[in-house]
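[1] Here's a sequence, model it:
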Amino acid sequence: MQGVSADIAVTGTLAASIYAVAAFAQLVVGRAIDKRSIKPVLIFVACGQPVFLFLMAVHSDFSLYAVSLLAMGFVFGQIPITDAVLSQYVPDQWRTKALSVKFLLNLVIGAAALITARYLLSAGTGFEPVMQALAISSCIVVGAAFLLPKRV
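    This is a model prediction of the structure:
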């Protein structure tokens, strides 16, 4: 966002505002899965992720801010869906263990994403290939959403 800010504090504030606003997507999606079947909501949310992550790779400045807000909204919106699917299919006596494994996987995948981004950036690539790699990896979520049973 070179045309918006060269100050790290301003950039950090903009990023924090994106995360703070996008976190409210969890409330919207939570209400949606209370009223509808989970699978169509998950497919909608999952399909939005690669689209907006790819768009983040090609935008800059204020348009990057807007696209980032939408992308993070779709990413944050998936959080209540995965919890709802786990609570629907995992028996009560195993739910704590399943949610612990989910948490561990989130940490491992998050760390792997940081390592991948570091590798791409240290290889001399810029922001665009990192976002393209994230967009491509989010297509796996879309594929997995279509594999869920119809009754979800």
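[2] What number of residues are in the vicinity of the closest residue to F127 other than its chain neighbours?
    Spatial nearest neighbour of F127, chain neighbours left out: A57 (7.0 Å); criterion: CB to CB, 6 or more residues apart in numbering. Backbone N, C-alpha and C define where each C-beta goes, glycine included. Neighbour count of A57, defined by other CB atoms under 10 Å: 18.
[3] swap in L55?
    Counted with other CB under 10 Å, L55 comes out at 18.
[4] Tell me how far the residue nearest to F127 lies from V51.
    11 Å (CB to CB, to the nearest Å).
[5] before we move on, what about N106?
    22 Å.
[6] for E128, same thing?
    Distance from E128 to V51, by CB to CB: 16 Å.
[7] More neighbours: these two, which one.
    V51 (16 against 13).
[8] contacting residues for the closest residue in space to the more buried one that isn't next to it in sequence?
    Excluding its sequence neighbours, the residue lying closest to V51 (CB to CB, 6+ apart) is A135, at 7.9 Å. The neighbours of A135, taking CB atoms under 8 Å, 6 or more residues apart in numbering as the test, are Q49, P50, V51, L53, F54, A57.
[9] So for the helix ranked longest in the chain, what gets flagged as buried?
    Ranked by residue count, the top helix of the chain under DSSP state H comes out as helix 92-122. For helix 92-122, burial by neighbour count (16 or more other CB atoms under 10 Å) applies to A117, L120.
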